[in-house]
Each structure stands twice: as structure tokens, then as C-alpha cells.
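Participant: coordinates only, no sequence provided:
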Ligand SMILES: Cc1ncc(COP(=O)(O)O)c(CNc2co[nH]c2=O)c1O
């Protein structure tokens, strides 16, 4: 991979300090930072061709429409969608993308006696959404077990996926465990039973090569802000024939073909699912983020993240008071490590790390059922991206030492939560 030191030149924010300490940004599984090559797109757009898309007959609207459609084509290429823009719906984020499928397919198609299968490691964006669809349609929700090492129990998957399964919804990569799930194998299993497959790609598309057709996903969702892109833009990939048959989720302008007082007919995908004025600049900037990552190379991104995660695990495991979660060291994982330090609540630890300029995430990472399964109330997560270095992992480890030294102070302070005791 390009030397992270040079990559860092593209991210001026990484030069800032936090309370007088140099920033060490290790919260990339939540949101990545944005390179100048991406946010410059906003200035160019608003200075040169800002206009509403698709409905104007004037030059600016034409230019904006072309750029917005080309952004869809670019994202289709980035995830291997050979159907092009008709298979790429721009949403607000990955959460909206899963809700689009839940309302457009689940609420329309599920019936009592059907079931939807998710996994114990799912993010709330999927898990809660499919729970609600099951509750409102009378379908059953089933959970594929996660084993002690953070792998999906594939034998259990074969038990719970059956001929009444209408949808399998699975994270490609866990945002807590770093597990890379065998999505293509799971898709084979689901398709053998006539079920559709929704892949939550929020932690995979930004971090590794993803080919939706190799996965044989019927749907795949991800967010721009996790792949060096802006917030406010997400993507739902859908197989063309599936999107053509699926009901819209939001109604209004752009998504219609013809409207009378008696009713309306729908536009073709993706516009059928993009009601109203879309996030135009965000979509164009997302395409620039795809260009930026492809310049580095997604294989190189995945390898760099895995190297940092393995190094972090090795450093964390040097102490006997640290519990590290997820697949064992040495097994490929995405660029994140979740852990706890005995006797230090995650929020206290995160606060102590912040005092040293180190940004990590503490809590349940929107996976409360998974943390229940792990029998812990929460965890601290360090997550890496293209600009992070081993020196930053060392800074994290050194700061943990600092937390341990203050552990007694923390225990005595009102900031201590005895939930870890
Ligand atoms: C696996 C997974 N799915 C879906 C989402 C939702 O993405 P959004 O719609 O862009 O918010 C996230 C965000 N995960 C996290 C957001 O902050 N910390 C996280 O781990 C995620 O990690």
C-alpha cells in the first residue's frame, strides 16, 4: 500500500491536536476521515454546476444530472454491479438502505409462517429493522449463532434457514468482532431455499474488495462516511430484476412515471427509489471517494488494516488484564479490535485515552444482543484505516498503561461504573 505517511498528507485533520495532544484517530469503523480529493468536489460542484437534477432543461441541470448519473455508474463499478446505475440506489446511509428493503420487500411480502434469518452479530440497523418487519407481518425472526471465536455457526445456519425463509440478512464484516463472514456460502444456502439475501456491507465495502456478483447478494448496503466519503450518502445495491419488482419506500417527485387523480405509475430503478431532490453533491463526492480508494487498491487497504489489527492484538495480548474479542490473532480480520481492560469501564478508558488525543469508541457499537451473547455490557474498539500507523497503535498501548496506573483513581472517582466489577 502507498506509504501511510504520504496518504496522511491528504487528510489535514490528522495534523490537529485534541486538548493539546496530537490526534490519534482510531474510530474509523464509526466514521472515516475525508481526503481533500473528496471534499474539494463540494466546492467545485457549488461553484460551477449546482442545479437540481433530471427535471431542468437548462445547462446547469444537465451538467448536474450527468455527474449524478455518472456517480451511480462509478459506484456500480466499485462494487462489481454489471447492471450499472439501474442497480445502484443512493440513500442517506446504510440504515436507510436496509429500511428500504424492509419496507419495499419485507412489509409487502412476508406472511405468518414465513421467517427472516439474521445473525447474532448484526448491527441494530439490520437486527432491529428485521425484528420490526417480523413483528408487523407475523413472520418469525431467527438468529444464526456466533461461536466463542466470533465465527458464524454454519451448521446452525443450515438448521435455521429453511423453505419458509424469505430473507437472510447478514453482515459481511462484523463492526465489533472484525469477522469476515462467508457470505457467498450463506447466499448459496439461502438461495437453495428460495430466500433472498441482504448483505450489510457497511464494514466491508470501505475496507476490502467487494464483488456483489461473486457474493451473489440480492441486496447490499453501505455508507459513504465509512469509505472516506461524506455523510448523508449511502448505497443500496440490488439485482436489477429484484429492484424492478420491489415496491418503492418513499413517494413523490422523480420516482413516478405518470400521475393521475386515480393513481400513479413508477419510474425505473434506481429513480423509483430516489424520491424528491437527492443528495447530489454527496453522491458525486462518493464517486470521488471510490476513485481515491481504488488509487490505493482495495486489496492493499484490506492488507494494511489486517496488519494493524494483528499488531494491535499482539500488543494488547502482552498484558493478562486485557480481553480481546473476535476471531483469533493470525486469522484475517477487518481493521478493528474490540477489547476490555479488567477493572476499567469502557467509557472511563475512552475518556482517559481521549486525554491523550486518542479517539476510540466505547459502548455496545449498536450491537447490544451481541454484547449480551459475549456477556459483557460493552467494549472498547480501536479501528484502523488507510492513514493509521503502527506508531499510533503503540500510542494506544502506552495510553492503556496510563489508564491502568490511574485505575485506582478511576475506581475511587464518580466516573467509575462497577458494571465491570
Ligand atoms: C455493520 C454496520 N451496519 C450498519 C451500520 C449503520 O451505518 P450508518 O447507517 O451509516 O450509521 C453500521 C455503522 N456502525 C457504526 C457507527 O458507529 N459505530 C459503528 O460501529 C455498521 O457498522
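Facilitator: Alright, I've got the coordinates. On a predicted model such as this, the values are computed, not experimentally measured, just so you know.
Participant: so which strand or helix has residue 324?
Facilitator: Using DSSP states H and E, residue 324 sits within strand 322-325.
Participant: neighbouring strands of that strand in the sheet, and parallel or not?
Facilitator: strand 336-341 (antiparallel) (DSSP bridges).
Participant: ok now the partner strand, how far from the chain's centre?
Facilitator: 18 Å (C-alpha atoms, centre = their mean, to the nearest Å).
Participant: what about the spatially closest residue to residue 298 that is not a sequence neighbour, how many residues close to it?
Facilitator: The shortest distance from residue 298 to any non-neighbouring residue, by C-beta to C-beta, 6 or more residues apart in numbering, is to residue 209 (4.2 Å). Backbone N, C-alpha and C define where each C-beta goes, glycine included. Neighbourhood size, residue 209 [other C-beta atoms under 10 Å]: 17.
Participant: tell me how far residue 209 lies from residue 172.
Facilitator: Between residue 209 and residue 172 the computed distance is 11 Å (C-beta to C-beta, to the nearest Å).
Participant: and if you look at residue 182?
Facilitator: 10 Å.
Participant: neighbour count for the two, which is higher?
Facilitator: residue 172 (26 against 17).
Participant: let me know the pLDDT of that one.
Facilitator: On pLDDT, residue 172 comes in at 98.
Participant: which ones are touching it?
Facilitator: Listed by C-beta atoms under 8 Å, 6 or more residues apart in numbering, the contact set of residue 172 reads 180-181, 183, 199-201, 203-205, 210, 215, 220.
Participant: tell me the SS of the nearest residue to it once chain neighbours are set aside?
Facilitator: Distances taken as C-beta to C-beta, 6+ apart place residue 204 nearest to residue 172, at 3.6 Å, with adjacent residues excluded. Of the three states, residue 204 takes coil under DSSP: H, G, I helix; E, B strand; the rest coil.
Participant: got the contact list for residue 204?
Facilitator: By C-beta under 8 Å, 6+ apart, residue 204 lies in contact with 172-173, 180, 210, 222, 334.
Participant: please report phi then psi for the residue lying closest to residue 51 once chain neighbours are set aside.
Facilitator: For residue 51, ignoring the flanking residues on the chain, the nearest one in space by C-beta to C-beta, 6+ apart is residue 60 at 3.7 Å. Here is the backbone geometry of residue 60 (degrees, to the nearest 10): phi -60, psi -40.
Participant: I'd say residue 60 and residue 50 touch.
Facilitator: Yes: counting by C-beta atoms under 8 Å, residue 60 touches residue 50, with 7.0 Å between them.
Participant: common neighbours of these two, please.
Facilitator: Common contacts of residue 60 and residue 50 (C-beta under 8 Å, 6+ apart): none found.
Participant: about what we covered before: which two in the contacts of residue 204 are spaced the farthest apart?
Facilitator: 180 and 222 (14.8 Å; C-beta to C-beta).
Participant: between these two, who's got more neighbours?
Facilitator: For the pair residue 180 and residue 222, the greater number of neighbours falls to residue 222 (29 against 22), based on other C-beta under 10 Å.
Participant: beta partners for that one?
Facilitator: Residue 222 forms beta bridges with residue 235, as assigned by DSSP bridges.
Participant: what does residue 256 give?
Facilitator: residue 266.
Participant: and it, how many neighbours?
Facilitator: Neighbour tally, residue 256, other C-beta under 10 Å: 16.
Participant: name the nearest residue to the closest residue to the ligand within the stretch 251-400 of the chain, ignoring sequence neighbours.
Facilitator: Across the stretch 251-400 of the chain, no residue is closer to the ligand than residue 365, which sits at 4.4 Å (C-beta to the nearest ligand atom). Among residues not flanking residue 365 along the chain, residue 176 sits closest, at 5.2 Å (C-beta to C-beta, 6+ apart).
Participant: return the residues of this protein in contact with the ligand.
Facilitator: With C-beta under 6 Å from any ligand atom as the criterion, the chain meets the ligand at residues 29-30, 93-95, 123, 125, 171, 175, 200, 202-203, 223, 234, 361, 365-366.
Participant: from residue 214, how far out is the residue nearest to residue 365?
Facilitator: The gap separating residue 176 from residue 214 is 25 Å, by C-beta to C-beta.
Participant: and what of residue 339?
Facilitator: Going from residue 339 to residue 214 by C-beta to C-beta gives 32 Å.
Participant: show me which of these two is the more surrounded one.
Facilitator: residue 339 (21 against 12).
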